[in-house]
Structure formats: C-alpha cells, structure tokens
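**Student:** this one's structure only:
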C-alpha cells in the first residue's frame, strides 16, 4: 500500500511498515508503468519501477544541529505523522516529472549527515537512470522541493528565516548553478509550486500569510534564468475575495492543490484544510520533525476551494470560490 498525492507532475511516495518486512507496492493511475516503494526491517528504503530497482539505501540515524537546514513539512506529511505504523519522512522518495513527461527526477533528503543533503537520480522515459548526483542544502535555509525541466535542468526553492525566496537552477551536465532571489517582505511565504515553462524560464506560485497565519494572498512569479532576472511578480490580494470566503473552517490554512500554465494564463487552486487531533496543532511553517510522528486520533477537514487565473499584463481572468466542507477520519 502506498499513499500518494499527485498534482502538477509532483508525486510524494510513502511506505507503511509491515511486521514481516515484505514488499509493499501499489500502482499509480498512469499506465503502462508503476512506481513501487518498499522497505524491509533493516532500515532500508527502496524505489522500484516495473519491478526494477531504481534506488536502495540504508537509513542512518538523523543528525541535528542548531543551524542545520530544514525541510518544510507538507500537509500530507502532517496528516501521515499521526497515523500508526507509517514510515516517517526519512524513508520518502519524491518523484517529479518534466513537463513533457520524458524525464523523471527522483530525490530523497538525507538527514543523517551534519549538513542536510539531497540525493538525485534523473530517469529517461524508459525509466533508465541517466544521472546520479547529490547537492547540499545550505545551513540556515528551508528546502521546499525540487523540479526538472525538459532539458534536464533541476530547480530548487529555498527560503531563509525572513522568508526571502531563492530559486536555484542546477545544470547537472555542467555542474553549474544560478540563483535568483525575491527579497523578504511583511508576509510569510509558503507552499511553493514550480512549473518550468520555456528554456530557462519558470513559474512559481506560493501562498502568503501574515505573522498570525492569516491568508493574505497568492504570489505569481516568473523567473528568467537566461537574462538572470525576475520577469514578472504579481500579488493577488486575499481581500478581494474576503466577502465570499466561508466561515465553516475558521481555524484552517490554505494549501495549493493545483497549478498550471497554459500560454500566457496561469492558474492556481487553493483549498482550506485543518487537522483536528489530540493536543495536536498543525503548523504549516513547521519543518519535518521525527518528534511529531506520534500516533493520534485525528480528523482532517477540507474547506472552500479558491481558483485564481491571471493572463497577460497580470489581468485577473478568474477568481472563484467553491464552498466545500468535508471531514475525514485519518
């Protein structure tokens, strides 16, 4: 059994610990291949595709440090952290496809080193490994994930403590990198989704909140690595929808559940979510923390969906609120 979340080409894979340590697998909706992830009792995690082993590694104890980089905990991980017998984040693989689906980036965070490391493998459309490499995550930063474009260039999103945004392009063929920055502001930035567009140009969507975790808006940013500049930055303010928002989930937080680019149009879909558990408080700005992986009774709540589309010259083409309220036992 594998639990998964798939949107904009991003796949999170989680495994469930079996008492006997047998192989655990489940197909994804896509055909004709399937990703499989299994783990055995001796603290190994392995990724397979079409019964072929892509990666297998022994998980060593996690090292911590006062300035060591962190990985932002996803909402999916926050939910999983309360479920019994689930492998924590050290065992997780992340699989990201290029926009044309001809390349796959497989990566896993290695928490066992004094400095946080990320191990990568690039696969072609036949799921053969083309390249393997590792990159460090700078101390004092938070990692928000990695993406790959059609050429095989890898993009990373980091923030610092003041929530300044850094997008790095790493070119594995030449082992060279570039960095572009959006400076800090009065808002906090979170829940980043990156979509590669044309050669060297990427679109980044993220949520902005104030210091009390109130939703303030959505950032739409386009980074141009060819000319080393921010091509466009547009902020959609939450206040334009304030009178349409539901009050059914007053203590929830917004997550990006979908994002897409179609020509000059860029669409971002949010949904309000919350976790109700025994003395558990969901913090969307928390990092992955093994101390939080404690079995608990909990409910996952889903609130309204918000869809925003902008076009050329940042014209707002759509701003829609769908009233939703759903509670699930998890």
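**Tutor:** Perfect, I can see it now. Source: prediction; values computed, not measured.

**Student:** give me the element the spatially closest residue to residue 175 that is not a sequence neighbour is part of.
**Tutor:** Nearest non-adjacent residue to residue 175, counting by CB to CB, 6 or more residues apart in numbering: residue 133, 8.0 Å away. Backbone N, C-alpha and C define where each C-beta goes, glycine included. Per DSSP states H and E, residue 133 falls inside strand 129-136.

**Student:** partners of that strand in the sheet?
**Tutor:** strand 117-124 (antiparallel) (DSSP bridges).

**Student:** Hmm, residue 67 and residue 115 touching each other?
**Tutor:** No: here residue 115 lies out of contact with residue 67, judged by CB atoms under 8 Å, at a distance of 9.6 Å.

**Student:** Show me the common contact partners of the two, please.
**Tutor:** residue 139 (CB atoms under 8 Å, 6 or more residues apart in numbering).

**Student:** So the two - more neighbours on which side?
**Tutor:** residue 115 (14 against 9; other CB atoms under 10 Å).

**Student:** What separation do you get for the more buried one and residue 70?
**Tutor:** 12 Å (CB to CB, to the nearest Å).

**Student:** Residue ranges in the chain under the pLDDT threshold?
**Tutor:** By pLDDT under 70, the weakly predicted segments of the chain are 1-42, 85-87.

**Student:** Where do the helices of the protein begin and end?
**Tutor:** Ranges of helices in the chain, per DSSP state H, are 75-80.

**Student:** Which residues are in contact with the residue nearest the centre of it?
**Tutor:** Per CA atoms, centre = their mean, the C-alpha nearest to the average position across the chain is that of residue 145, at 5.3 Å. If you count contacts by CB under 8 Å, 6+ apart, residue 145 has them with 10, 94, 96, 156-157, 192, 194.

**Student:** Out of those, give me the one that has the most neighbours.
**Tutor:** Counting neighbours by other CB under 10 Å, residue 194 leads these with 26 neighbours.

**Student:** Need the nearest residue in space to it, chain neighbours excluded.
**Tutor:** Using CB to CB, 6+ apart and skipping residues adjacent in sequence, the residue nearest residue 194 is residue 147, 4.6 Å away.

**Student:** Pull the contacting residues for the one you found.
**Tutor:** 9-10, 96, 105, 154-155, 194-196, 202.

**Student:** distance of it from residue 77?
**Tutor:** Counting by CB to CB, the gap from residue 147 to residue 77 is 18 Å.

**Student:** what's the neighbour count on residue 45?
**Tutor:** Neighbours of residue 45 under the rule other CB under 10 Å: 21.

**Student:** Which residue is the nearest non-sequential neighbour of it?
**Tutor:** Nearest to residue 45 is residue 91, by CB to CB, 6+ apart, at 4.2 Å.

**Student:** so residue 58 sits right up against residue 44, yeah?
**Tutor:** Yes: the pair residue 58 / residue 44 is scored as a contact, 5.3 Å apart, by CB under 8 Å.

**Student:** Could you check which of those two has the larger neighbour count?
**Tutor:** Applying other CB under 10 Å to residue 58 and residue 44 shows that residue 44 carries more neighbours, namely 14 against 9.

**Student:** what sits opposite the more buried one in the beta ladder?
**Tutor:** When assigned by DSSP bridges, residue 44 has beta-bridge partners residue 40, residue 58.

**Student:** swap in residue 269?
**Tutor:** residue 258, residue 307.

**Student:** And it, how close does it get to residue 123?
**Tutor:** Counting by CB to CB, the gap from residue 269 to residue 123 is 28 Å.

**Student:** now residue 57
**Tutor:** Taken as CB to CB, the span from residue 57 to residue 123 is 16 Å.

**Student:** of these two, who's got more company?
**Tutor:** In terms of neighbours (other CB under 10 Å), residue 123 is the more surrounded of residue 57 and residue 123; the figures are 20 against 16.
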